[in-house]
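A.B. asks: No letters, just coordinates:
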């Protein structure tokens with residue numbers, strides 16, 4: 001009996017050792033990623049699904065509701081934020097039937113196989129000075145929410161809208177955060193909507209823009225999550241700009257009477273290349289920004305104002321997009337080239353900077369999905385199959401010997 005017990009124990013240990021060697025690489029990631037498609041050389045969505053699964057990233061944000069993408073990710077467990085473009089806001093606001101039709105066409109056919117968890121209505125609406133669009137935003141969001149409720153999806157899919165830093169009149173120090181006064185008549189009902197439906201306020205934050213705009217005054221270590229003296233705001237100390245921007249949004253919402261709405265970073269990133277006048281756009285800085293951010297997200301860090309609320313981030317972006325207009329940086333935010341090879345390696349060693357972000361602690365296993373190989377290669381798949389076949393072939397022989 002003792003011999004049988006020790007044999008069984010040895011078999012279990014061998015099984016665990018073979019699988020644990022694989023699972024240490026594939027630990028679930030806590031950050032999401034933006035999957036933009038303004039390019040003419042991107043891989044098929046089915047290959048992208050494999051890439052993200054190999055990275056173990058399970059949250060994706062789209063800028064549309066591409067049926068090819070949603071179909072490709074069916075039964076993968078990946079959560080999706082899908083989008084209704086600015087051009088459709090007025091129609092949604094004035095025609096509840098249009099909202100119901102959109103939900104029936106772009107949401108219902110894919111649920112539950114594809115995990116759609118949020119719909120964004122418009123992108124950076126308050127940044128284009130279109131007051132008509134701003135006035136229509138909340139009515140459009142309400143119409144989409146009502147359509148989801150009518151379809152029985154109100155408790156499963158939330159509705160939000162992503163905003164740029166232009167929505168803020170003040171963001172420094174963070175405690176003085178305030179929304180633009182001209183948008184106040186539209187932002188107050190927006191916050192009321194978030195409070196009522198339980199949806200998050202989505203914020204696109206780019207410390208890169210602040211550094212590019214004034215590199216002489218803005219500290220590069222401060223924006224890259226690297227060691228620095230930090231910035232004091234009352235009793236709180238900020239060692240990076242992103243957390244300061246998040247807390248400025250919380251302060252702005254509090255000034256409008258709301259402390260019950262979560263803030264999520266719907267976009268943040270750093271370009272690996274830019275035009276000659278785009279100071280700071282480099283692969284080295286992009287690797288530092290995204291790598292250090294991913295480490296902090298993996299730690300479950302919160303901001304100084306909300307240390308117990310882990311920062312929720314969608315990194316921008318998955319691929320370089322060669323058809324995006326604007327300066328060169330706009331086409332070089334990707335973590336990957338379209339062929340699946342990494343644009344740069346991310347250092348996933350010890351977290352950089354201090355712990356003043358609020359969630360200090362060591363990371364047992366940090367994130368590093370990058371290697372010198374093409375991420376679309378079969379190497380990673382073969383490694384897992386190799387481990388499995390080793391288990392299948394060795395265990396029966398070992399069992400026979402031990403028994």
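C.D. replies: Cool, the structure landed. Quantities reported herein were computed from a predicted structural model and do not represent experimental measurements.
A.B. asks: going forward, measure contacts between C-alpha atoms and count neighbours the same way
C.D. replies: Noted.
A.B. asks: all strands for the protein, in order.
C.D. replies: For the chain, the strands defined by DSSP state E occupy 32-34, 59-61, 79-84, 115-123, 158-163, 168-170, 178-179, 201-204, 231-233, 236-238, 263-268, 313-315.
A.B. asks: just checking, what packs against the longest one?
C.D. replies: What it means is strand 115-123. Counting contacts by 3 or more C-alpha pairs under 8 Å, 6 or more residues apart in numbering; DSSP states H and E, strand 115-123 is packed against strand 79-84, helix 131-150, strand 158-163.
A.B. asks: Quick one: these as a markdown table, columns for mean pLDDT and distance to residue 175 too.
C.D. replies: Converted to a markdown table, these look like this (pLDDT from 0 to 100; distance: least, C-alpha to C-alpha, whole Å):
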| stretch | mean pLDDT | distance to residue 175 |
| --- | --- | --- |
| strand 79-84 | 98 | 30 |
| helix 131-150 | 97 | 26 |
| strand 158-163 | 98 | 19 |
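A.B. asks: Tell me who's in contact with residue 311.
C.D. replies: Counting by C-alpha atoms under 8 Å, 6 or more residues apart in numbering, residue 311 makes contact with 264-265, 297, 300-303.
A.B. asks: what about 6 Å?
C.D. replies: residue 302 (C-alpha atoms under 6 Å, 6 or more residues apart in numbering).
A.B. asks: Over to it: give its phi and psi.
C.D. replies: According to degrees, to the nearest 10, the main-chain angles of residue 311 amount to phi -70, psi 130.
A.B. asks: Chain neighbours aside, what residue packs nearest to the most centrally placed residue in the chain?
C.D. replies: For the chain, the residue nearest the mean C-alpha position is residue 314 (1.4 Å; C-alpha atoms, centre = their mean). Excluding the flanking residues, the one nearest residue 314 by C-alpha to C-alpha, 6 or more residues apart in numbering is residue 32, at 4.2 Å.
A.B. asks: Point out where the stretch 101-250 of the chain drops to low pLDDT.
C.D. replies: Confidence mapping of the stretch 101-250 of the chain against pLDDT under 70 gives zero matching residues.
A.B. asks: switch to 90 and redo it
C.D. replies: Residue ranges of the stretch 101-250 of the chain with pLDDT under 90: 127-130.
A.B. asks: In contact with residue 247, which residues?
C.D. replies: Contacts of residue 247 (C-alpha under 6 Å, 6+ apart): residue 174.
A.B. asks: where's it relative to residue 123, distance?
C.D. replies: 21 Å (C-alpha to C-alpha, to the nearest Å).
A.B. asks: quick one, what contacts the residue nearest to residue 314?
C.D. replies: 59-60, 314.
A.B. asks: Residue 115: how many residues sit nearby?
C.D. replies: As a burial measure, residue 115 scores 23 neighbours (other C-alpha atoms under 10 Å).
A.B. asks: so it touches residue 82, yeah?
C.D. replies: No - between residue 115 and residue 82 there is no contact under C-alpha atoms under 6 Å: 10.5 Å.
A.B. asks: neighbours around residue 216, how many?
C.D. replies: 9.
A.B. asks: Would you mind measuring from it to residue 87?
C.D. replies: 39 Å.
A.B. asks: and what of residue 201?
C.D. replies: 21 Å.
A.B. asks: Over to residue 178?
C.D. replies: Counting by C-alpha to C-alpha - residue 178 and residue 87 are separated by 28 Å.
A.B. asks: And these two? Which one has more around it.
C.D. replies: Comparing residue 178 with residue 87 by other C-alpha under 10 Å, the one with more neighbours is residue 178, at 23 against 10.
A.B. asks: Nearest residue to that one in space, please, no chain neighbours.
C.D. replies: residue 252 is the one closest to residue 178 (C-alpha to C-alpha, 6+ apart), at 4.1 Å.
A.B. asks: Now for residue 39, how many residues are close by?
C.D. replies: Neighbour number of residue 39 under other C-alpha under 10 Å is 14.
A.B. asks: right, and it touches residue 324 too?
C.D. replies: No - the criterion here is C-alpha under 6 Å, and residue 39 misses it with residue 324 at 7.2 Å.
A.B. asks: if I look at residue 83, how far off is residue 35?
C.D. replies: Taking C-alpha to C-alpha, one finds residue 83 at 12 Å from residue 35.
A.B. asks: Apologies, that question was intended for residue 329.
C.D. replies: Residue 329 is 17 Å from residue 35, by C-alpha to C-alpha.
A.B. asks: can you check residue 259 too?
C.D. replies: 31 Å.
A.B. asks: Could you check which of these two has the larger neighbour count?
C.D. replies: residue 35 (22 against 13).
A.B. asks: Looking at the closest residue to residue 308 other than its chain neighbours now. What's its pLDDT?
C.D. replies: Nearest residue to residue 308 in three dimensions, chain neighbours excluded: residue 302, at 5.6 Å (C-alpha to C-alpha, 6+ apart). Looking at residue 302, its pLDDT is 97.
A.B. asks: And residue 302, how close does it get to residue 244?
C.D. replies: For residue 302, the distance to residue 244 equals 11 Å [C-alpha to C-alpha].
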